[in-house]
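Participant: Quick check, what structure comes out for this input:
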Amino acid sequence: MTVPNMYEFKNIPISKSLDENVRNIERILGKSSDLLTNPFFIGSVPCCLICFEGMVSTGTITNLILRPLTNISGEEFTPRGLFEHVRDKMLLTVDRGLPEEYGDLIRRLMSGFAVLLIDGVSTAFAFGVQGYETKGIDEPSSEGNIRGSHEGFVETVRTSMSLVRRRIKSPLLRFELFPVTDTSHVDVILAYMADRVPMKLVKKIRQKLEGLPLETILGSGYVEPFLDDVKHTVFSGVSVTERPDVFCAKILEGRIGLLIEGTPFAIVLPSLFIENFQTLDDYNFRPFYAFLIRWIRYLAFFLAVFLPALYVAIATFHPELFNHTLLVTLAAAEQTAPLPLAVEAFIILLFYEIIREAGVRLPKSVGGAVSIVGGLIIGDAAVSAGLISNPLLLVCAIAVTASFVVPSLNQPVTMLRFIAVIAGGIGGLYGISLLAAAVLVNICSLENYGAPVMSPLSPFTPKAMRDVLTRIGFKKMAKGRASVEDLHGVDMQE
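Facilitator: Got it, this is the predicted structure:
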């Protein structure tokens, strides 16, 4: 039997011939330099231990695999008898598989397993002895908190699974593993609570994962477009988090979570717009302080999107809304500026995006210097030269700073800010009102897997409002369990 090519080996059964199996594996993997094949004998039976260099732990494979197998080398076995002896009387590793096809064998090799082939047996042993280098558990970089956990997901999906299991010690917590993509076979974990997640939703997500038309997954953004049912909008029905505690909270509400090998950012769906204004610290603080902080976030979102546009619209079309003193001050500041206000605002915001992008892409040691040069030196020089006005620069700076308060909405906020400036420069307050109405209608019409994105505000759900505009105390909150089905009122069970 010969394997046709490396893309047609998946369902081909493993041969009984050890030499043929080794040749086929080497042909499939192109005799890669990190492929280690170790032929040896157990008694009179030829065997071969295969693994990838750097993917297995040398100490573990020596103590758990090689040493026990060497100890039985003095006994005489038939090939089948040796296979049954190892299978039934030797545990070796807890994570052990019996691949019977090349596809399963190769996938396990790529995942850090050591594969034992026995001449005369068409089933292999796959021992979990992973030992590749991984990043330790560290504090999340994009979701800071004061009183919550400081553990974040890591790139190794099994470590991330353990972070979830430690927080939800329930037999109803389910993890389903999908080796997705035809080329890379990236491990994706589907996580949910079996007693509260809509099973119709689980089935739909499972089908989408199994049919992903991707060669590899290098980040959560590769998968999001295929899972997001929300179309024709700048908002998303899928949220991303690198915090295990936030992930667990969503799972307990009947959501579905995805952990992806190689990225610390987990996906949660369906997601609601209102959740962008909720943080873990809201539930660690007293309710009255959480109420204040949450409304500051709502205000910051409004300022981040509409403040530059409102200034442009009022100063251009509705100056009577300013009092006399402020109007005189603004008129004097804008007198030396050679460009229309809308163009000025557009340039300032565009320049900020350039500085931000440069600060992100450059090394950390240089990124801070770029922010200082761009924000202080260049900004001050532009004002002194009369190219832009001080009031408009201040307004844009406030808007940009306000956008940092809700980092999960950075992408839609950035786009809407530019569009709002254009609308305010063309139509004044009427143009901004039309834009705001269009955005509101758009987001209220969105549904993601049957859940309206603006739930529980639209449609209005009184039971779920206890954690939207304010946050009630835990004594009252504990009396009723929140579920994703409460948010949209649609029975998604099969």
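Participant: Which positions in stretch 20-39 come out as buried?
Facilitator: For stretch 20-39, burial by neighbour count (16 or more other C-beta atoms under 10 Å) applies to 21-22, 24-25, 28-29, 35. No exception for glycine: its C-beta is placed from N, CA and C like everyone else's.
Participant: Ok, stretch 399-407 next?
Facilitator: Residues of stretch 399-407 classed as buried: 399-400, 402-403, 405-406 (neighbour count, 16+ other C-beta under 10 Å).
Participant: still on that earlier bit, output the buried residues of stretch 20-39 in a markdown table, with distance to residue 237, secondary structure and pLDDT appended to each entry.
Facilitator: Converted to a markdown table, the buried residues of stretch 20-39 look like this (distance: C-beta to C-beta, whole Å; DSSP: H, G, I helix; E, B strand; the rest coil; pLDDT from 0 to 100):
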| residue | distance to residue 237 | secondary structure | pLDDT |
| --- | --- | --- | --- |
| 21 | 47 | helix | 92 |
| 22 | 49 | helix | 92 |
| 24 | 45 | helix | 90 |
| 25 | 43 | helix | 90 |
| 28 | 40 | helix | 86 |
| 29 | 40 | coil | 86 |
| 35 | 43 | strand | 91 |
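Participant: what about the helices in the stretch 1-150 of the chain?
Facilitator: 18-28, 58-61, 67-71, 79-89, 102-110 (DSSP state H, counting those that start in this stretch).
Participant: Next, format the buried residues of stretch 20-39 as CSV and append distance to residue 445.
Facilitator: Below are the buried residues of stretch 20-39 laid out as CSV (distance: C-beta to C-beta, whole Å):
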residue, distance to residue 445
21, 57
22, 59
24, 55
25, 54
28, 50
29, 51
35, 54
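Participant: if we take those residues, which one ends up nearest to residue 425?
Facilitator: residue 29 (59.9 Å; C-beta to C-beta).
Participant: any idea how far the closest one lies from residue 105?
Facilitator: Distance, residue 29 to residue 105, using C-beta to C-beta, to the nearest Å: 11 Å.
Participant: Likewise for residue 404?
Facilitator: 49 Å.
Participant: Please pull out the lowest mean pLDDT helix or strand from this structure.
Facilitator: Using mean pLDDT, DSSP states H and E, the weakest-scoring helix or strand in the chain turns out to be helix 484-488, at a mean of 56.
Participant: Could you tell me which of the buried residues of stretch 399-407 belong to helices?
Facilitator: With DSSP state H as the criterion, helices contain 399-400, 402-403 from among the buried residues of stretch 399-407.
Participant: how many neighbours does the closest residue to residue 43 other than its chain neighbours have?
Facilitator: Of all residues not flanking residue 43 in the chain, residue 76 sits nearest, at 5.1 Å (C-beta to C-beta, 6 or more residues apart in numbering). By other C-beta atoms under 10 Å, 10 other residues sit near residue 76.
Participant: Model confidence for residue 444, exactly?
Facilitator: Here, the pLDDT recorded for residue 444 equals 89.
Participant: Can you list phi and psi of it for me?
Facilitator: Phi and psi for residue 444, reported as degrees, to the nearest 10, are phi -70, psi -20.
Participant: I figured it hits residue 452, correct?
Facilitator: Yes. In this structure residue 444 lies within contact range of residue 452 using C-beta atoms under 8 Å: 7.5 Å.
Participant: where does the stretch 101-250 of the chain dip in pLDDT?
Facilitator: Nowhere does the stretch 101-250 of the chain drop to pLDDT under 70.
Participant: quick one, strands of it?
Facilitator: For the stretch 101-250 of the chain, the strands defined by DSSP state E, counting those that start in this stretch occupy 113-118, 125-128, 173-180, 186-193, 239-241.
Participant: and of the ones you listed, who's closest to residue 465?
Facilitator: Nearest to residue 465 among the strands of the stretch 101-250 of the chain is strand 239-241 (20.0 Å), distances taken as C-beta to C-beta.
Participant: what's the spacing between that closest one and its chain's center?
Facilitator: 5 Å (C-alpha atoms, centre = their mean, to the nearest Å).
Participant: how about low-confidence regions in the stretch 351-494 of the chain?
Facilitator: For the stretch 351-494 of the chain, applying pLDDT under 70 flags the ranges 364-377, 385-386, 478-494.
Participant: For it, which segments count as helices?
Facilitator: Ranges of helices in the stretch 351-494 of the chain, per DSSP H, counting those that start in this stretch, are 364-372, 379-384, 390-403, 410-444, 474-477, 484-488.
Participant: Quick one, which of the ones you listed gets closest to residue 289.
Facilitator: The nearest among the helices of the stretch 351-494 of the chain, by C-beta to C-beta, is helix 474-477 at 14.2 Å.
Participant: Can I get that closest one in PDB? Just the C-alpha atoms.
Facilitator: Coordinates of each C-alpha in helix 474-477 appear next as PDB, following Å, rounded to 0.1, in the frame of the first residue of the first chain:
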ATOM      1  CA  PHE A 474     -25.900  40.400  44.800                       C
ATOM      2  CA  LYS A 475     -28.600  39.500  47.300                       C
ATOM      3  CA  LYS A 476     -31.300  40.400  44.800                       C
ATOM      4  CA  MET A 477     -29.300  39.200  41.800                       C
END
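Participant: Other residues contacting that helix?
Facilitator: Residues from elsewhere that reach helix 474-477 (C-beta atoms under 8 Å, 6 or more residues apart in numbering): 283, 466-467.
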